[in-house]
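Q: Sequence first, then the predicted structure, then my questions.
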Amino acid sequence: MALALLGRRQGRSLFRALAMLETHLAGGGIIRPANKDLDVETEVCSTSQQYPSIAPGWPRVYPVRCYAINNQPTIKYIPVPEPEFDDFSGEPTSYLQLLGAISKAKSLKRLQHLLSAHNERFDAVHVAAAVARLPRLIRYRSADLVDRSETVVVHTPGLPRMRRKHGVRPKQTHLLEGSRIAAHLDAMLPAHVQNFFPRQAACTIWAFGELRRMGVVDSMASLPDVLLVVTKGNFEPLRVHGHGVDFAQILQGLAKLGFGDMKLIGQLVTLLERRLGSMQQYELQMSAWSLASMGYHSPDVFNRIANQLLRTGTAFLLPSGCSSTFWAFAKAGITSRIDLFNILASSMLGQATLLAPQDAATTLWACSQLGYYNTNLITALCDAVVRNLATCSDWEVSSVIESLANMGHHHAGLMEAVAKAILEEPVVGAHPTCIARVLFGYGKLGCCNPREVELASVLAAAVVPQLPVVREDTLAMLCNGLTMFGYKDEVLDGSGHQP
């Protein structure tokens, strides 16, 4: 093969000469020209002279020109011209270019430009792509984001580098611009939705659910039209073309949109049960969370989801997915699936460095409701809260303290860190529910060192001005916590609270 390649590159004559040389050298012979035919001035190693014919009696050879091989090739860079179409500098001129420009839009301004400049060229595919792209373009302030790169040693697929803090809202400019684009797309959907496939309908419902969660929209006016696409003909589109991810996205989108038609949800669940055997972990987790959020707490459905999760395993679920699964089963009141809870706990322990405060707060609350006590898991969750205490919200910290109190688990490092952090910052503007949870947790866990007693005094003083508007259950928790501290103050008795 090497000889063939060399022959193609250097020429047919050189190939023949090398073939002859190889044949005769293998037999022990030597090929050389006759001395009488050689010129005195001719050198054997010359690359520009031809050898004369060989004398009679020698094997017949033909004149051969010798070539040198360059062992030091040079690399020449040839500039390649930019394509005629560029997503940022040019305008799409074809169907596929417009679809690519929508799918790869980098900003709300770019998406708005495509909608306004090429509105007449949009069809169902373009509209669905624009709706699915919109939630990914909504940005948060840098101060409301936490960089995970310092704690994540190995990059995990699907895990974003930036984590948003609990309860934050997107940038005000993005809220305004995003709401305008969402309203425009919502108005376009009825004219194109009849050409949707279940995949496009599922992405559309999911996207508007995400926009509502972010606070960009309040509702989805075209939701009945989109649902009609997948429910017409006794749900024939979903029965024929629907996949597990389509059911998961539809249910999650409906849950985030506040959809409350339990009859329709029941029909969707009937079809979902037929797809459970082929669904992946994240699809099962999304479905369980959605059903629990909408109040569909069928033990049979949740047990079948648990069985499928046991078959597929939870190795590819991120901590957020594991915590939402814990929450879903706690919300549905399914307390008997210890086998599932154990593998979820193992998955979270294996990803301890990826745990966010919200994951810890959600999981601890679920464990307290389920009666599931795993010392290693609880310790890892508390350690994660301590590591990220500077970026925790008041609601996350108070929820963690209350859950630990309900389980009777005292984590000394967490309790000391929280007390120190609260005493170093003003708590005048703290929500009464958060104050009540912290006081109840510290009181029930028997925390009574001088710093914790000082903490109770500071929190009690901060909540007194808000007592007239405190809810009755919050006031009861507050009084229980102070009573366990042995704290007595006549201000609480004469607060003038009206239940």
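A: Looks like it came in fine.
Q: what's the pLDDT at the closest residue to A356 other than its chain neighbours?
A: Leaving aside its sequence neighbours, A356 sits nearest to R163 (C-beta to C-beta, 6 or more residues apart in numbering; 5.6 Å). Bear in mind the C-beta positions are built from the backbone N, C-alpha and C, glycine included. On pLDDT, R163 comes in at 81.
Q: One more: D383?
A: pLDDT, D383: 95.
Q: If you count contacts, what does the helix or strand where it lies end up packed against?
A: Per DSSP states H and E: D383 is located in helix 375-387. In terms of contacts (3 or more C-beta pairs under 8 Å, 6 or more residues apart in numbering; DSSP states H and E), helix 375-387 is packed against helix 338-350, helix 357-370, helix 394-407, helix 412-424.
Q: Go ahead and confirm the residue nearest to A356 touches R148.
A: Yes: taking contacts as C-beta atoms under 8 Å, R163 lies within contact range of R148: 5.7 Å.
Q: higher neighbour count, these two?
A: R163 (20 against 17; other C-beta atoms under 10 Å).
Q: Let me know the secondary structure of the more buried one.
A: strand (DSSP: H, G, I helix; E, B strand; the rest coil).
Q: So what sits opposite it in the bridge?
A: V146 (DSSP bridges).
Q: Can you give me the distance of it to E120?
A: Look at R163 and E120: by C-beta to C-beta, to the nearest Å, they are 41 Å apart.
Q: do T325 as well
A: T325 is 46 Å from E120, by C-beta to C-beta.
Q: ok, now D246?
A: 30 Å.
Q: So these two - more neighbours on which side?
A: D246 (26 against 5).
Q: got the contact list for that one?
A: Shown in contact with D246 (C-beta atoms under 8 Å, 6 or more residues apart in numbering): 198-199, 201-202, 238.
Q: again, 6 Å this time
A: 198, 202 (C-beta atoms under 6 Å, 6 or more residues apart in numbering).
Q: any idea which helix or strand comes after the helix or strand hosting it?
A: Using DSSP H and E, D246 sits within helix 244-256. Counting by DSSP H and E, the next helix or strand C-terminal to helix 244-256 is helix 262-275.
Q: Can you give me the neighbour number for D473?
A: D473: 11 neighbours (other C-beta under 10 Å).
Q: repeat for Y373
A: By the criterion of other C-beta under 10 Å, Y373 has 12 neighbours.
Q: The helices and strands packed on helix 375-387: which one's closest to H126?
A: helix 357-370 (35.3 Å; C-beta to C-beta).
Q: Off-centre distance for that closest one?
A: Centroid separation for helix 357-370 versus its chain: 20 Å, with C-alpha atoms, centre = their mean, to the nearest Å.
Q: Next: stretch 247-255.
A: 17 Å.
Q: give me every residue that touches R141.
A: Neighbour list for R141: K171 [criterion: C-beta under 6 Å, 6+ apart].
Q: separation between it and P170?
A: Taken as C-beta to C-beta, the span from R141 to P170 is 8 Å.
Q: so who does the nearest residue to R437 once chain neighbours are set aside touch?
A: Nearest residue to R437, sequence neighbours excluded (C-beta to C-beta, 6+ apart): S398, at 3.8 Å. Residues near S398 by C-beta under 6 Å, 6+ apart: 434, 437-438.
Q: Name the member of these with the most neighbours.
A: V438 (27 neighbours).
Q: Quick check, pLDDT for F440.
A: 91.
Q: Next one, pLDDT for Y77 please.
A: Per-residue confidence at Y77 stands at 78 (pLDDT).
Q: Going forward, count from 35.
A: Sure, I'll start numbering at 35, so the last one becomes Y111.
Q: what about it, neighbour count?
A: 5.
Q: and if you look at N514?
A: Neighbours of N514 (other C-beta under 10 Å): 15.
Q: next one: L473
A: L473 has 28 nearby residues by other C-beta under 10 Å.
Q: Now do the top helix by length along the chain, average pLDDT.
A: Longest helix in the chain, counting residues (DSSP state H): helix 206-226. Average pLDDT, helix 206-226: 95.
Q: For it, which helices and strands make contact with it?
A: Helix 206-226 sits against helix 142-151, helix 158-167, with contacts defined as 3 or more C-beta pairs under 6 Å, 6 or more residues apart in numbering; DSSP states H and E.
Q: can we see that at 8 Å?
A: For helix 206-226, the packing partners by 3+ C-beta pairs under 8 Å, 6+ apart are helix 142-151, helix 158-167, helix 232-248, helix 257-275.
Q: Not counting the first one itself, show me its contacts.
A: Just to be clear, that refers to helix 142-151. By C-beta under 8 Å, 6+ apart, helix 142-151 touches 121-122, 125-126, 132, 135-136, 139, 156, 164, 167-168, 171-172, 208, 211-212, 214-215, 218-219.
Q: What residues sit buried inside it?
A: By neighbour count on 16 or more other C-beta atoms under 10 Å, the buried set for helix 142-151 is 142, 144-146, 148-149.
Q: Tell me the pLDDT of L145.
A: 94.
Q: quick revisit: can you tell which of the helices and strands packed on helix 409-421 is closest to I109?
A: helix 372-384 (46.4 Å).
Q: what angle do the closest one and helix 409-421 make?
A: 40 degrees (axes from the mean of the first three to the mean of the last three C-alpha atoms, to 10 degrees).
Q: and A289, what is it in contact with?
A: So A289 contacts 243, 323-325, 327-328 (C-beta under 8 Å, 6+ apart).
Q: Dump the residues you listed to TSV, plus neighbour count.
A: Shown next, in TSV, are the contacts of A289 (neighbours: other C-beta atoms under 10 Å):
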residue	neighbour count
G243	26
W323	22
S324	27
L325	25
S327	19
M328	19
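Q: Go through those residues and flag which are in helices.
A: Filtering these for helices - DSSP H - leaves 243, 323-325, 327.
Q: From the residues you listed, pick the one nearest N341.
A: Relative to N341, the closest of the ones in helices among the contacts of A289 is L325; by C-beta to C-beta it sits at 15.4 Å.
Q: residues in contact with that closest one?
A: Counted by C-beta under 8 Å, 6+ apart, L325 has contacts 285, 289, 299, 303, 331-332, 335-336, 362, 366.
Q: quick one: which of the residues you listed is most hemmed in?
A: L285 (29 neighbours).
Q: Show the pLDDT at it.
A: 96.
Q: do you know how far it is from Q106?
A: In terms of C-beta to C-beta, L285 sits 65 Å off from Q106.
Q: Of the contacts of helix 142-151, select the buried ones using a ChimeraX command.
A: To isolate the buried members of these in ChimeraX, using 16+ other C-beta under 10 Å:
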select :121,126,132,135,136,139,156,164,167,168,171,172,208,211,212,215,219
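Q: for the stretch 185-334 of the chain, which spans come out with low pLDDT?
A: Along the stretch 185-334 of the chain, segments meeting pLDDT under 70 span 185-193.
Q: One more pass at 80, please.
A: Filtered on pLDDT under 80, the stretch 185-334 of the chain yields the residue ranges 185-195.
Q: residues contacting G294?
A: M328.
Q: and it, backbone torsions?
A: Main-chain torsions, G294, degrees, to the nearest 10: phi -130, psi 20.
Q: K454 versus that one, what's the distance?
A: 44 Å.
Q: what do you get for S354?
A: From S354 over to K454 (counting by C-beta to C-beta), the distance is 28 Å.
Q: and these two? which has more neighbours close in?
A: Counted by other C-beta under 10 Å, S354 and K454 do not tie: S354 has more neighbours, with 18 against 13.
Q: Identify the residue nearest the more buried one in space, chain neighbours excluded?
A: Leaving aside its sequence neighbours, S354 sits nearest to D393 (C-beta to C-beta, 6+ apart; 5.6 Å).
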